[in-house]
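[1] Please find the sequence and the predicted model below.
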Amino acid sequence: MFMNSNLFEPGKSKAEKNFVQQAVKQNHRLDGRRSNECRDVQLTFGADWGTVAVTLGETKVLAQVSSDIGVPTTARANEGKLQLNVNIGGVAFLDEAQSTHDQRFLTLNSLLERTFRSSRCLDLESLCVAAEQHVWCVRVDINVLNHDGNLYDASTIATLAALMHYRRPDVTFAEDELRIYTEKEREFQPLLFLHYPVSVTYCIYKSSSQPIVDPSLLEENAADSVIVLSFNSYKELCTLNAGGSAPTNVRTIMQCARNAATRSKALVDFIRKALVLDEEQRSKGSGQVPGLVGLISEAAHKMSFHQLMKDELDKERATTEDSQMEVDEQPPEQAVVSVAQDDVKKEKPKQEKETPMDDSSWLPEESTPATVPAPKAGKTKQNRNKNKGNKKQHSKKPQNESDSEEETKPVI
Amino acid sequence: MPSKSKPKLSRGVLDMKFMQRTKAKVDKETADEQSRALYSNEINEKMLNSNSNYIVEPSYSICAGLIDGRLSFRGMNPEIEQLMEQEQTEKQRLKKPEQPKEVSDQDMAKTYYANKAPALTSSMGKKFSTKKDLKRKQNGDSDNHPHKNHHKAQFRKPRPDDD
Amino acid sequence: MATSGTIVMPGERIASIEEVAKTKRVILGPGLRRVDDTVVASKAGPLRHKEPNTFWVDNYQRRYVPARGDLVLGIVRSKAGDLYRVDIGAPETASISYLAFESATKKNRPDLNPGDLIYARVLNASADIEPELVCVNSNGKRGKLGVLPDGFFFKCSLNLGRVLLRENCPILAAITRQLPYEIAVGVNGRIWVKAHSLRETVALAKAILALEQAGYAETDKVCDNLGDYLEA
């Protein structure tokens, strides 16, 4: 498996860059994907709580969650802490990976900070044991095992899955005495979430107006700009990270955002399903968990996005098909779709790509800003194409996005 | 000390003009002596006297006889293809066994001398021959080559088995 | 090229070479080392032998170690005074003087920019100094060396590069049957290809990369697939 791992960084020569530009112009990707097609995502849960390896094509990221009791900051005396630690040193083949000011490392770190900390996805107040004295400090270590593009998505998926998988010991605080229970005494407790954010990455090239999703390392290095959008499962924007030199307009970003929102929701649903599957395995097998061995074993992977989300993808396709009829898509396209019913992987992105820009349909259903959305609410499946955003937000959002390079929009 | 056993030339003598070469030689000897003393504990007898049969070649391309990697096929880059062709013919020429001689070396030499060699060689040869040579030649010539005059240079008819 | 099937491991003493060395001179290639009077392998892999007296270890490797006389593909990194810094996949960047190009003079410098690909020969390689490249042969002619325009470029293992460069390699011949193309293979595990269309170039690159894992037997199959792909 690791035979294929990258040992050199592609995309550093002019020939490669020009070639990728040409390919994108002709709507062609080097690995045969469509411009709106993602690679398969696989999750491997470790034997411990909160250990997850994410495989996104050849990109591999390992996230581990740990926690201990610490003292809160004075400013937020009744909140626990969330600390994110990125280690990119594992991929020594990358240029400048060793230097401390590696741009790649800094962007990844800031993306994770904003996606998970600034957006306050964890219910930090629930991590407080005794105000101003004892709180839980949750620490996530993100180790990059191999980099073949789109480290952002792999890292956010890994972080979210690890946090969702993690169980902390129960603790009581009475008469100035802190007591931490072992797993035998009291069952471990999962962390509480306010919402579940993941990111989706797009690359934009000067030669083409069509952004491509989930870039490989070659595509990422050759790109003129990379846009990373974090959405939560309610399709609310958490982070927007757009830089580079490609002329991006509102239209492109809106198009990306609309697709990213759907994708994020599907990813979170996928993580949930995988967690359920993992739970089943743990309760069934008598304590014997295969753990990360799954990463190197040749056996077919069970927790892959394409496998677990097959039904959803089918449904998704059906709804997009409906909506396409509504907006009156070109008839020949329709024929192709209906012929290749079973081939979800290939047909789905194409439809999305060819859907004309319809600003009214992309906007997520915003929950009222004052109320904190309950975690359970996300499980009801929304039909995104029926959503009609209200006009006010409509005019406000693109403005924000287009004139500032980095934008954080906390949902609470 | 080597100076004790060996007689040493004085500085005054070595500084003389005609002793310059000897001086350089002596200097080199002493320098060698010094360096040998300096590295004596690192260089062992084996390193000094080994006459190795091993040649180290760190390049794969030379060891495995790899070809040049710049290639073009079916008219993609005519310039490169021309170079490839040239190389190919060069290689073929080297590889081909020498063509069988139509005239053997012996025959050639015989005819050559029978012809008394081309005019230029003989005239230039005169310049370097001494009187003694000339005399000896005149005396012995008739003895050594009695049939010289019978061999007249002539064009040889091609035999039917010649190509 | 005779291939003996023996696999050697680092540190293993190879008596068969010592035997040969008693009677004649022996060339020790990469992966072999002389320690006093014994020959010891320093890399793991099959031991190769070429008549009359060359031995080397054909180990799987991806990191290039420069050796004098190798033809390599490099990416120009930067300009530094009279030199260009070139990345050839070695632990250190190589350097190439701007005079090491055809008809280059102090006034007439070659026009190279960061990101350009060059095909060059390693002139000097030693563990302690940075490798030096040239883009001309001993007659001052460019020959096949120089800048590679357009095309597509990718990296592979050093072994794949060497497999393609064997004399009378069946792979390149098999691909030739499918489409016209141009290729530059560096022994540093870098390959540049160019075909008439983008689609063909991609197919070509994929076919060559597919051979990374394939044995010689699978070569024909891969080339047939290539043909099918282009026809489709």
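    Structure's in. What do you need?

[2] what's the domain layout of chain C?
    Segmentation of chain C into domains, based on automatic domain parsing, reads C:2-57, C:71-148, C:152-231.

[3] ok, the last one near chain B or not?
    Right, domain C:152-231. Yes - judged by Cβ under 8 Å from any Cβ of the partner chain, domain C:152-231 and chain B are in contact via C:158, C:161-162, C:164-167, C:172, C:175-176, C:179-187, C:194-196. Backbone N, C-alpha and C define where each C-beta goes, glycine included.

[4] And the residue lying closest to C:Gly29 once chain neighbours are set aside, how close does it get to C:Asp36?
    Among residues not flanking C:Gly29 along the chain, C:Trp56 sits closest, at 2.6 Å (Cβ to Cβ, 6 or more residues apart in numbering or on different chains). The gap separating C:Trp56 from C:Asp36 is 20 Å, by Cβ to Cβ, to the nearest Å.

[5] Give me the more crowded residue out of those two.
    Legend: neighbour count by other Cβ atoms under 10 Å in any protein chain shown for C:Trp56 and C:Asp36, higher for C:Trp56 (26 against 10).

[6] does that one sit in a helix, a strand or a coil?
    strand (DSSP: H, G, I helix; E, B strand; the rest coil).

[7] Just to check, it is in contact with B:Cys63?
    Yes - using Cβ atoms under 8 Å, C:Trp56 makes contact with B:Cys63 at a distance of 4.6 Å.

[8] what residues are shared contacts of the two?
    The contact sets of C:Trp56 and B:Cys63 overlap at C:29-30, C:48 (Cβ atoms under 8 Å, 6 or more residues apart in numbering or on different chains).

[9] in chain B, which spans are helices?
    Taking DSSP state H as the criterion, chain B carries its helices at B:2-5, B:11-14, B:20-39, B:45-49, B:60-63, B:78-95, B:105-114, B:119-128, B:131-144.

[10] now chain C
    Using DSSP H, helices in chain C cover C:15-23, C:158-164, C:170-178, C:198-210, C:219-231.

[11] C:Tyr84 is in contact with C:Ala104, correct?
    No - using Cβ under 8 Å, C:Ala104 makes no contact with C:Tyr84, being 11.5 Å away.

[12] between those two, what contacts are shared?
    The contact sets of C:Ala104 and C:Tyr84 overlap at C:Tyr98 (Cβ under 8 Å, 6+ apart).

[13] any idea which residue sits dead centre in chain C?
    For chain C, the residue nearest the mean C-alpha position is C:Val187 (0.7 Å; Cα atoms, centre = their mean).

[14] correction: chain B
    Closest residue to the average C-alpha location of chain B: B:Leu94 at 19.7 Å, with Cα atoms, centre = their mean.

[15] Against C:Leu71, how distant is it?
    21 Å.

[16] Next, give phi and psi for A:Ile180.
    With angles defined as degrees, to the nearest 10, A:Ile180 sits at phi -100, psi 130.

[17] and it, how far is that from chain C?
    With distances taken as Cβ to the nearest Cβ, to the nearest Å, A:Ile180 is found 47 Å from chain C.

[18] Is that residue in contact with A:Ile69, as I believe?
    Yes - judged on Cβ under 8 Å, A:Ile180 makes contact with A:Ile69 at a distance of 7.2 Å.

[19] okay, and the common contacts of these two?
    Counting by Cβ under 8 Å, 6+ apart, the residues touching both A:Ile180 and A:Ile69 are A:Val171.

[20] The two: which has the busier surroundings?
    A:Ile69 (18 against 14).

[21] what pLDDT does that one get?
    At A:Ile69, the pLDDT value in this model is 91.

[22] ok, for it, nearest residue in space, not its chain neighbours?
    Using Cβ to Cβ, 6+ apart and skipping the chain neighbours, the partner closest in space to A:Ile69 is A:His134 (5.3 Å).

[23] pretty sure the one you found is in contact with A:Phe173, am I right?
    Yes - the pair A:His134 / A:Phe173 is scored as a contact, 6.3 Å apart, by Cβ under 8 Å.

[24] Neighbour count for these two, which is higher?
    The residue with more neighbours, out of A:His134 and A:Phe173, is A:His134; 17 against 14, by other Cβ under 10 Å.

[25] Who does that one form a beta bridge with?
    A:Ala130 (DSSP bridges).

[26] how near is it to chain B?
    Taken as Cβ to the nearest Cβ, the span from A:His134 to chain B is 63 Å.
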